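Asker: sharing a model prediction with you, sequence too.
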Amino acid sequence: MLNIINTTDIDFYLKNFCGADTRLQTFLIAALKNVIQQRESSMELLSSLPLDAPEWLRQKWHDGGPWHRFDAKKDIRLAGRVFDAVSWLEAAIENDMAWTNQLDNKGRPRKLLQISTFEHLETISSKDRRQIADKKRKAAERVFLKEDLTRDFEKIMDFDNGFYIVRLKTKKALALEGAYLEHCMADGDYDYCLGGNVTQFYSLRDSNNLPCVSMCVEKDQRRMTQVRGRRNSYPKEKFIAYVATFCSQIYVDLSDALSFHEGFKLLRDDVWS
């Protein structure tokens, strides 16, 4: 552990990411303070006694050390990592993960106090995010199978084997689509596009009314800008065939959307026919 003269500055730094949410502040400090204290890249090495040094440091300056001061500006990756941690903790609290209620006598989750590095944090947070995504996907599936969603979706095209295309009309429609396919439509990032006729969102559904592919179309440009499978993956070729047929019917170019995917390959002529 480094000898740091201003550890409370780490607390203040982390609290700034949490607003007035004191519970989130407590969780974030529990998760990251120890991690940051071990990172030389987040510290300034002091070569001389600071002019504003407290009395305890003046007494120990020559006997201890080397001494460091926390300086967030020295670590260009730190803020991004803290933002990621905040996002994870907010989701864990919102979804009432079991460990969020297993606290020590200072109200700190015991699980967070065991985190030793950012790599360790990433392992833990990835597991939580997977559990949360699975939970939301199952909840969305129940809605698709049981609820009347005619206000949220408009059927655009039917295929012979039960597959069909719908337009996503509401925030609820985007949220369900994103939750089931586990992509960013669930986060509300595209809600502002609803209500206009320029950017429109569509979904390929199977015979059980479950989403297979999400699509974004810029109608004024006559092009599809995004086509995404589960977790933003490249859609299966059999699904692309449906999407291509849909695009040909509404006179929209599909090539830009496909080119964003790693490993993009041109579709065979028979897929377009």
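Answerer: Everything's here; your move.

Asker: give me the pLDDT value at Leu267.
Answerer: Per-residue pLDDT puts Leu267 at 45.

Asker: show me where pLDDT drops low in the stretch 151-273 of the chain?
Answerer: Applying pLDDT under 70 to the stretch 151-273 of the chain flags residues 260-273.

Asker: can you pull out the strands in it?
Answerer: 153-158, 164-168, 199-205, 211-218, 223-228 (DSSP state E, counting those that start in this stretch).

Asker: how many neighbours does the nearest residue to Leu204 once chain neighbours are set aside have?
Answerer: Spatially, and ignoring its direct neighbours in sequence, Leu204 is nearest to Val213 (4.2 Å; Cβ to Cβ, 6 or more residues apart in numbering). C-beta here means a position set from N, CA and C on the backbone, and glycine is covered the same way. Using other Cβ atoms under 10 Å, Val213 has 22 neighbouring residues.

Asker: measure Val213 to Val166 for me?
Answerer: Taking Cβ to Cβ, to the nearest Å as the measure, Val213 and Val166 are separated by 11 Å.

Asker: Tyr242 touches Arg205, doesn't it?
Answerer: No - look at Tyr242 against Arg205 with Cβ atoms under 8 Å: they stay out of range, at 9.8 Å.

Asker: just the helices in the stretch 1-150 of the chain please.
Answerer: 7-15, 22-37, 55-60, 78-94, 110-113, 118-146 (DSSP state H, counting those that start in this stretch).

Asker: burial-wise, tell me which of those comes out on top.
Answerer: Among the helices of the stretch 1-150 of the chain, helix 22-37 has the highest mean neighbour count (mean count of other Cβ atoms under 10 Å), at a mean of 20.

Asker: enumerate every residue touching the closest residue to Val166 other than its chain neighbours.
Answerer: What sits nearest to Val166 in space, not counting adjacent residues and going by Cβ to Cβ, 6+ apart, is Phe153, at 4.2 Å. Phe153 makes contacts with Val166, Arg167, Leu168, Lys169, Ala173, Ser203, as judged by Cβ atoms under 8 Å, 6 or more residues apart in numbering.

Asker: the nearest residue to the fifth one once chain neighbours are set aside: neighbour count?
Answerer: With Cβ to Cβ, 6+ apart as the measure, Asp152 is the residue that lies nearest to Ala173, at 4.0 Å, once sequence neighbours are left out. Using other Cβ under 10 Å, Asp152 is surrounded by 20 other residues.

Asker: ok, Asp152 - contacts?
Answerer: Leu168, Lys169, Thr170, Lys172, Ala173, Leu176.

Asker: what's the farthest-apart pair in those?
Answerer: Across the contacts of Asp152, the longest distance by Cβ to Cβ is 11.7 Å; it joins Lys169 and Leu176.

Asker: of these two, who's got more company?
Answerer: Leu176 (26 against 18).

Asker: can you tell me how far the closest residue to the more buried one other than its chain neighbours sits from Phe153?
Answerer: Using Cβ to Cβ, 6+ apart and skipping the chain neighbours, the partner closest in space to Leu176 is Ala140 (4.8 Å). According to Cβ to Cβ, Ala140 and Phe153 sit 13 Å apart.

Asker: burial of Val243, as a residue count?
Answerer: Val243 has 24 neighbouring residues, counting by other Cβ under 10 Å.

Asker: start at 804, not 1
Answerer: Yep, numbering from 804; the last one is Val1046 now.

Asker: distance check, the residue lying closest to Gln1029 once chain neighbours are set aside against Trp864.
Answerer: Spatial nearest neighbour of Gln1029, chain neighbours left out: Cys1019 (4.0 Å); criterion: Cβ to Cβ, 6+ apart. Shown here: Cys1019 relative to Trp864, a distance of 61 Å by Cβ to Cβ.
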